[in-house]
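Student: Attaching a predicted model along with its sequence, questions to come.
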Amino acid sequence: MISRRDFLKRTSAAIAAAGAIQPLLGWATEDSGVIPGKEGMIVRSFRFLDLEMPPEYANLFITPVPHFFVRDHMHEPSTLDAAEWRLAIGGEVEKPMTLSLADLAKLEPHTVTNTLECAGNGRAFHTPHVPGVQWQRGAVGTARFSGPRLRDLLERAGVKPAGKHVMFHGLDEVPGKVPPFIRSIPLDKATDADTLIALQMNGAALTKHHGFPARALVPGWVGAASCKWLAEVKVLDKEFEGNFMNPGYRMPNQPIKPGEAVRPEETHPVTALNVKSLIASPSDGASLESRSVHIQGAAWAGETDIARVEISTDDGATWQSAQLGKEHAHYAWRLWSHTWKAPKAGTYTILSRATDTQGRTQPATAVWNPSGYLYNAIDQVKIHVAA
Amino acid sequence: MSQRSRLVLAVLVLTVLAMTCVPLLRAQSPELPPGPMQGKVTTACTECHESRIILQQRLSKAAWTKEVDKMIKWGAVVDAADRDGFIEYLSTNFPTDKPPYEAGKTSAEKRKK
């Protein structure tokens, strides 16, 4: 007899095998492939897995998991057994602990609706080009993450006075002599009421690509802070020293010119997200039949709120306010929409520009930096209006 | 089922499997462009990650030099005599002014009717 779990496993394997026949029969383009549970995603890389959300999906407040972007730095863990999995909490604490998934599930859960964006989203648009995954507009999405607060766990473990930073270590499999993907966040962010050990995403257990069985969720911050396949939380007396804290994920304190050298002590880690907007529709390059154009999208600002989104159809000479959507959560993007009547048939560029409650506004040109982090220039799509 | 028909069935199943897996694998990692270093770069540089990571970069020779040296430090097996050839091959094929790499999309798990 087969168990239900085995049945599910086998079913998905069968579906994957069926999908594998597609290229053979010419149903798919040469470039495509099947990642079970991920449909219609832009493939930046299959190995390591880097999948981008087509911007058209930014018309929903909650991004369905099949359309949520995936950013893996290394190989995903080859074996993950929920029953065997443990989370170790140690370092500068009074009582180091080891918790099972059942232990975590017993703690009071908390839900945070968070827009997660890869620090490198938009990297492809920097000039001159910078190395890294060439994300365009869709390494971003919004989901409801649930699980115990990290703060509750740290309280039980008792952070010693020396504890200043909290390090996350996941189970990613590190190839060759590559440094492991380990990063840390300051203690005050780690003990924020909204920083979680997330076990669920959109009401279901995390899927493997999103960090099953547990991931950190550091709301409003770049995705890299929210370590997947979490296995260890360690309290440190200083920022973690390792490739993915330095030189990785750092920005020059002052904007620099391309090619100009920057001293490590004149850089800081990338933390909270920038103010930014994304046009979900019309799609870039769309041909529209009607002159009445419904423009919609999303806008977010990391730890702060969106104050307004404006649209320009005359290359930024004039701006009209878009209507902000009703759905609202502290760390989540705000949907927006605007209807515009094209004066005549022709080709137009639609620009969207967000401003947050701190007065930060999207710039026409994003601040260039050597790794292309936090790109947030005004978004744009070109459309053709026929009638 | 006789032993013979079992064998025939097994061969059939294996053939179908082989036919389905080969195109999938090819779709999973496009080839690097032809050139004297194609083979060596493919061997050394698609061990940990696939070719798309390389195909989508648009970098200067200085930036490619940094990438190759970083990857060697991280464990890429490149003969010291080949280092300059790798940099030459990568910066010739993936220079800053080449049009962007056209990424594909993941396909649906089942054919949509």
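Tutor: In hand now; what should we look at?
Student: Only the C-alpha atoms, please, for stretch B:81-96, written as CSV.
Tutor: Provided in CSV are the C-alpha atoms of stretch B:81-96 (Å, rounded to 0.1, in the frame of the first residue of the first chain):
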residue,chain,number,x,y,z
ALA,B,81,48.0,28.4,-19.0
ASP,B,82,44.3,28.7,-20.0
ARG,B,83,43.4,31.6,-17.7
ASP,B,84,44.0,34.3,-20.3
GLY,B,85,42.3,32.2,-23.0
PHE,B,86,39.2,31.9,-20.8
ILE,B,87,39.1,35.7,-20.3
GLU,B,88,39.6,36.3,-24.0
TYR,B,89,36.8,33.9,-24.9
LEU,B,90,34.4,35.3,-22.4
SER,B,91,35.1,38.9,-23.1
THR,B,92,34.9,38.4,-26.9
ASN,B,93,31.6,36.5,-26.7
PHE,B,94,29.9,38.4,-23.9
PRO,B,95,31.0,42.0,-24.3
THR,B,96,29.2,45.1,-22.9
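Student: Would you mark the buried spots in that stretch?
Tutor: Within stretch B:81-96, the residues that count as buried by 16 or more other Cβ atoms under 10 Å in any protein chain shown are B:82, B:85-87, B:89-91, B:93-94. (Each C-beta comes from the backbone N, C-alpha and C, glycine too.)
Student: Which of those residues sits closest to chain A?
Tutor: residue B:94 (9.7 Å; Cβ to the nearest Cβ).
Student: Quick check: that closest one touching residue B:52?
Tutor: No. Using Cβ atoms under 8 Å, residue B:94 is not in contact with residue B:52; the gap is 11.7 Å.
Student: quick one: contacts for residue A:255?
Tutor: Contacts for residue A:255 (Cβ atoms under 8 Å, 6 or more residues apart in numbering or on different chains) come out as A:367-369.
Student: Scan those residues and report the most crowded one.
Tutor: residue A:369 (21 neighbours; other Cβ atoms under 10 Å in any protein chain shown).
Student: Just give the closest residue to it, not the sequence neighbours.
Tutor: residue A:251 (5.3 Å; Cβ to Cβ, 6 or more residues apart in numbering or on different chains).
Student: Could you double-check that the one you found sits in contact with residue A:271?
Tutor: No. Applying Cβ under 8 Å, one finds residue A:251 not in contact with residue A:271, separated by 9.5 Å.
Student: Please enumerate the shared neighbours of these two.
Tutor: Counting by Cβ under 8 Å, 6+ apart, nothing touches both residue A:251 and residue A:271.
Student: quick one, what contacts residue A:212?
Tutor: By Cβ under 8 Å, 6+ apart, the residues touching residue A:212 are A:80, A:82, A:205-206, A:229.
Student: and residue A:339, which of the three is it?
Tutor: Secondary structure state of residue A:339, per DSSP: H, G, I helix; E, B strand; the rest coil, is strand.
Student: Give me the nearest residue to it, chain neighbours excluded.
Tutor: Leaving out its chain neighbours, the residue that sits closest to residue A:339 by Cβ to Cβ, 6+ apart is residue A:294, at 5.4 Å.
Student: Show me which strand runs longest in chain A.
Tutor: strand A:346-356 (DSSP state E).
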